[in-house]
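Chemist: what would the 3D arrangement of this be:
(2 chains)
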Amino acid sequence: MMYTLIKKEVKELLSKSSLVFFAAMALVFVFMGNMLSASFEESTATPMVAIIDQDASPLSDIMISVMEAGSEVVYSGSDTQTGRSQLEEAGGAALITIPHDFGALIDSGEQAQVEVLWLMQGAGMIDSIPTGSVEALIQAGANAVSAALVAEHSSLDPEIVLSPVSYSYDTLFKGKMIEGASPGMVSGVLSMRTMFIPVVIMMLIVMGSSSVISSMGLEKENRTLETLLTLPVSRSHIIISKIVGSAIAGIVMGAIYMVGFASYFNSITGPAGGLGDMGFTLNVLDYLLIALSLFAALLAALCASIILGTFASSYRSAQTLTYPMIGLAMLAMLVTMMLDFSSLSFPLQVMVFLIPFSHPMIAMKELMVGNYLLVLAGIGYLVVITAILVVIATRIFTTDRVVLGMSIKGRKNTRATA
Amino acid sequence: MSALAVEGISKHISGKQILNNISFQVKAGEIFGLIGPNGAGKTTTLRTVATLLQVESGSVSIFGYKLPGEAGEIRKIISYLPEDAGAYKNLKGREYLEFIASFFASGSRGKDLVKRGIEIAALGDRIDDRVEAYSKGMMRRLLVGRALMTNPRLAILDEPSSGLDVVNAQQIRRIIKQAASEGLSVLLSSHNMLEVELMCERIALINQGRIVAQGTPSELKESYRAENIEEVFTSLVK
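Modeler: Purely as a prediction, here's the structure:
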């Protein structure tokens, strides 16, 4: 009987149209990711430039030879107009001009100037031109000029003059010594690997909650709830089947969505790694705890959604009722993505702890630094919250509210159903 | 033993009294009609008997099983057809009947129930179409098939022919009368006085949450010196 109810729920929620919608959304993310990835590759690729040498001095020769070695040169000569038109034709990034007094100024002890004309194609995110690599190219040329000057005027090694001091560093983080890493590198690697988790969990919570609330709205809109409630099946079975069915639907929808989102995310952040090198590893028990935390949070969300769903009078009104769940899930996601739990103020820690969805979001990071107490306390809290919500949901399903969708005044405390 | 005994039930919704000391009995194999103007309390009475709403005061007993304690047993022997009820749109007509039948029987017995439901619904090949493609008449026939296929001992039918054309309404009335002749007890509500007069052995007239008259159609007509039930109704509710 439970299987029949769960099958009905899944079939109702995973309709062809909803699957097509989520697949389309995933494809949009994949498409956006590929575009951004292409743009990123372009911005870090060898820049295409034209070089105008109006000086033709030994120092400008040094500068140009280094820049030519690190770029794709479409024109190298003294005619600005020709260089510019060839660069525009080739879709290049910058026209670099070495003015006629370049060598003379440096020889007289003054700073010379190189002029750059950027050819900007558009103002969109994927239209960005490789400014960084062109600037690096010019800097490399300038360094070569510096080295030549040092070699000419001093007996010192130009490398030492240009970079006389080096340093090494380690970072102590929550009692763990991480060698050869700065705090920026540690937080960067940790964030890169763990910031994906809150997004995934937020999506699962939102999809699951939306599914269960929509299911209630659909039952009322299609006028099927009254029939369902008069069938010889207990209210608790109806609630459990709605929760399980919605969990399955939410996981399927979330998985489809996340395939696309993962592609998008990887394209903007690049593949993450380095956690193992820094000593941040997870064992089997850790993964089990993360899974348990996620499962308990999903159940709590679905139970809360069932309660919210009893207020829905139609599919459309059900969509409005998902807002509190989306708001809470997004709040938890943003806080856990941006901030570390241990560095929060006490009131904020309490607030984050009380939001059920935040626990699986912070579990991975906390387990990496060995904070088992917080993760276990979170799971315990989720179990208690879920149990309370199941009791409330079951009680609501045995009252008139589920049928009438409004408060009942002046009634005695009797129940018609079991 | 009566099929249904309703004794002095009262009900408040949002602080307003909807039912006020309602009492009536439905005999086994009888079609009992509940008629009254809009908002009189018909649907609330039917929902209470169908275990959907709480029994605030008074008692409801169906074939000896009492509410609220024996709601689970009662649901095994009743069938409720709400007014404007629908079915799951993503299912085919046959799948919907199979879904409902699975709560009452499995295996070959379950298949027999579905077969009976298909016969009652009489939708022909359209039984394998998705419910969302059904007209209102087809939907109602499917739902009557659903309500009667499980061989309930008491059918609670709220406006069974609501919104149907003459032909479809007549077919549904015939199906219900046929089932009653085979032993089914029926509690139905309707706005259609002709339908009630044609189908029901006994009638209760409900107005402003109270039963204001009850008896056989001929008794009521005689008492109120009316030619038909419509005249009885108008003389009681004006």
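
Chemist: give the contact list for residue 210.
Modeler: All of this is about chain A. By Cβ atoms under 8 Å, 6 or more residues apart in numbering or on different chains, A:Ser210 lies in contact with A:Gly250, A:Ser305, A:Gln319, A:Thr322, A:Met325, A:Ile326. (Each C-beta comes from the backbone N, C-alpha and C, glycine too.)

Chemist: hm, I was asking about chain B
Modeler: By Cβ under 8 Å, 6+ apart, the contact list for B:Arg210 reads B:Asn20, B:Asn21, B:Ile22.

Chemist: how about B:Gly64?
Modeler: Contact analysis of B:Gly64 by Cβ under 8 Å, 6+ apart lists B:Met1.

Chemist: shaky segments in the chain?
Modeler: Defaulting to chain A. A:36, A:39-44, A:122-129, A:192-195, A:258, A:261-262, A:264-280, A:405-418 (pLDDT under 70).

Chemist: and it, what are its domains?
Modeler: A:2-37+A:177-417, A:47-162 (automatic domain parsing).

Chemist: ranking the contacts of A:Ser210 by neighbours, who comes first?
Modeler: Sorting the contacts of A:Ser210 by how many neighbours each has (other Cβ atoms under 10 Å in any protein chain shown) puts A:Ser305 first, at 30 neighbours.

Chemist: element containing it, please.
Modeler: Assigned by DSSP states H and E, A:Ser305 belongs to helix A:284-309.

Chemist: just to revisit the earlier point, quick one, which of the domains of chain A gets closest to B:Ala105.
Modeler: Nearest of the domains of chain A to B:Ala105, taken as Cβ to Cβ: domain A:2-37+A:177-417 at 10.8 Å.

Chemist: off-centre distance for that closest one?
Modeler: Between the centre of domain A:2-37+A:177-417 and the centre of its chain there are 17 Å (Cα atoms, centre = their mean, to the nearest Å).

Chemist: does residue 61 lie in a helix or a strand, and which?
Modeler: As the question left the chain open, I've gone with chain A. Going by DSSP H and E, A:Asp61 is in helix A:58-69.

Chemist: look at chain B instead
Modeler: strand B:57-62.

Chemist: chain center to that strand: distance?
Modeler: Its chain's C-alpha centre and that of strand B:57-62 lie 17 Å apart, by Cα atoms, centre = their mean.

Chemist: next SSE after that strand?
Modeler: Downstream of strand B:57-62, the next assigned helix or strand under DSSP H and E is strand B:65-66.

Chemist: if I pick B:Tyr80, what's in contact with it?
Modeler: B:Tyr80 neighbours (Cβ under 8 Å, 6+ apart): A:Glu226, A:Thr227, A:Thr230, B:Leu46, B:Ala50, B:Leu52, B:Ala147, B:Ala155, B:Ile156, B:Asp158.

Chemist: 6 Å instead, please
Modeler: A:Thr230, B:Ala50, B:Ile156 (Cβ atoms under 6 Å, 6 or more residues apart in numbering or on different chains).

Chemist: most distant residue from the centre of chain A?
Modeler: Largest separation from the mean C-alpha position in chain A: A:Ser108, at 53.0 Å (Cα atoms, centre = their mean).

Chemist: for residue 59, which non-adjacent residue is spatially closest?
Modeler: In the absence of a named chain, chain A is used. A:Gly103 (4.3 Å; Cβ to Cβ, 6 or more residues apart in numbering or on different chains).

Chemist: oops, I was thinking of chain B
Modeler: With sequence-adjacent residues excluded and distances taken as Cβ to Cβ, 6+ apart, B:Ser59 is closest to B:Glu7, at 4.7 Å.

Chemist: so the one you found makes contact with B:Ile22?
Modeler: No: counting by Cβ atoms under 6 Å, B:Glu7 sits too far from B:Ile22 to count as a contact (8.8 Å).

Chemist: who in the stretch 251-400 of chain A is up against chain B?
Modeler: Selection of the stretch 251-400 of chain A residues close to chain B by Cβ under 6 Å from any Cβ of the partner chain yields A:Asp400.

Chemist: any idea which residue of the stretch 251-400 of chain A lies closest to chain B?
Modeler: Taking Cβ to the nearest Cβ as the measure, the stretch 251-400 of chain A has A:Asp400 as its residue closest to chain B, at 5.1 Å.
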